[in-house]
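J.: no FASTA, just this:
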DNA sequence: GTCTATAGTTGGATAGAC
DNA sequence: GTCTATCCAACTATAGAC
């Protein structure tokens, strides 16, 4: 019972302050217990941290797949474009996404390898899922581009760049960035290839 | 003399470990002095940190402008696309870019406002410069898209998304991502607008 | 499982000799 | 300017009573 509360409080602190910035005292305070009680559930700070990180990656992965399943059958354009709005909601609602990003981009020195072993399969899996999704959509005629991997990689780049603005600039700037980037991306993906309009 | 060495060592540590993760002892060790000697040059950790951050932003800004000036006159496509290669070199060479990103995306709690006051003018300035550059290029016929702000914002999104992969995935994955994202971006920017190719 | 008490370490910061 | 010595606060972690 307390174990789950500890993990939730820890997530919030790790997401906001990072591994080094978070302290077990503050986490215990938020749960309403004393610091040594944490050691009845976790071996130490590292153990608690890695439990949180693993849970965060599993949660985010599950939620993304749920999004795609929930909107299955809709046009690819709506689903891919709609994901940006979904991301904003997720990011504002809980700390899992923020924590995940922080761990992926700036993991604590001493746990770099452990986190990489968690993050790499997550990222590769997401990219594979997206490519196979685009290929499947192309077969049913809802997606024009034929180079799925290129379209998928470019899309993920868009998502990453947008999230960066969500973290730093906030929801409003995020919205403007998404609008501009998506419009050009979709135009680039749906235009006929082989044309060379460069001056 | 020592002041500059301290700042260089501090930059390296802040870039790798962040504000909380870096310690004055380690910084002093790298310089070859004792910890209290730092206080002869800086008021404390915060003071040293903010000096490093300010220097990092000024340096990066200056170097970006130098890049655009050095390639002035070349086609927009080459300059914008070439910036990705330039970024990779910069990022590998020194820690300034990495430190800058870390501070923008995950600033330390207690110095959030101070860092925002440094980062916001930098980002806004870069965006304004890019927009005016695209407008100027359009007048000389080297750039097709007429919505400069849209093209600029989308381009910056691309850069951010690519840098994320540079931090995490390394140069090889960065290269693949840039290739895919740039191709689609440039196609989207140079295609005629108004066409609706969505299924 | 949770507590009090405390060990042991490290952090930032200061005083004062040289 | 740099050092030694030191202070104080905060941290992780453990021992042992209940």
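T.: Sure, I can see it. Treat the numbers as computed from the prediction; the structure is a model and nothing was measured.

J.: leaving out the residues flanking it, which one is nearest to residue A:19?
T.: Closest residue to residue A:19 apart from its sequence neighbours, by C-beta to C-beta, 6 or more residues apart in numbering or on different chains: residue A:108 at 3.9 Å. Bear in mind the C-beta positions are built from the backbone N, C-alpha and C, glycine included.

J.: for the one you found, list the residues it contacts.
T.: Residues near residue A:108 by C-beta atoms under 8 Å, 6 or more residues apart in numbering or on different chains: A:18-20, A:49, A:115, B:17, B:21.

J.: pick the one among those closest to residue B:29.
T.: When those are compared for distance to residue B:29 (C-beta to C-beta), residue B:17 wins out at 13.6 Å.

J.: tilt between the helix or strand of chain A with the lowest mean pLDDT and helix B:96-105?
T.: Lowest by mean pLDDT, DSSP states H and E among the helices and strands of chain A is helix A:96-105, with a mean of 88. Going by axes from the mean of the first three to the mean of the last three C-alpha atoms, to 10 degrees, helix A:96-105 is angled at 170 degrees with respect to helix B:96-105.

J.: report whether helix A:96-105 contacts chain B.
T.: Yes - against chain B, helix A:96-105 shows contacts by C-beta under 8 Å from any C-beta of the partner chain at A:101-102, A:104-105.

J.: elements contacting that helix?
T.: Judged by 3 or more C-beta pairs under 8 Å, 6 or more residues apart in numbering or on different chains; DSSP states H and E, helix A:96-105 is in contact with helix A:2-21, helix A:45-70, helix A:76-93, helix A:112-139, helix A:148-168, helix B:96-105, helix B:148-168.

J.: that older thread, and the residue nearest to residue A:19, what are its phi and psi?
T.: phi -60, psi 140 (degrees, to the nearest 10).

J.: same thing with residue A:44?
T.: phi 170, psi -170.

J.: residue closest to the middle of chain A?
T.: residue A:97 (5.3 Å; C-alpha atoms, centre = their mean).

J.: close to DNA strand C: what parts of chain A are there?
T.: Residues of chain A lying near DNA strand C by C-beta under 7 Å from any atom of the strand: A:1-2, A:28, A:33-37, A:40-41.

J.: need the contact list for residue A:135.
T.: residue A:148.

J.: and stretch A:170-184 with chain B, contact?
T.: Yes - for stretch A:170-184 and chain B, the contact criterion (C-beta under 8 Å from any C-beta) is met by A:176-177, A:179-181, A:183-184.

J.: by neighbours, which of the residues of helix A:96-105 next to chain B wins?
T.: In terms of neighbours by other C-beta atoms under 10 Å in any protein chain shown, those top out with residue A:102 at 25 neighbours.

J.: spatially nearest residue to that one (excluding sequence neighbours)?
T.: Here the residue nearest residue A:102, using C-beta to C-beta, 6+ apart, is residue B:106, at 5.7 Å.

J.: would you agree that neighbour is in contact with residue A:20?
T.: No - using C-beta atoms under 8 Å, residue B:106 makes no contact with residue A:20, being 11.4 Å away.

J.: which residues of chain A score low on pLDDT?
T.: For chain A, applying pLDDT under 70 flags the ranges A:192-199.

J.: close to DNA strand D: what parts of it are there?
T.: A:22-26, A:35-36, A:39, A:43-46.

J.: ok, which pair from those residues is furthest apart?
T.: Taking C-beta to C-beta, no two of these sit farther apart than A:26 and A:43, at 19.2 Å.

J.: okay, these two: which has more neighbours?
T.: For residue A:26 versus residue A:43, the count of surrounding residues by other C-beta under 10 Å is larger for residue A:26: 16 against 11.
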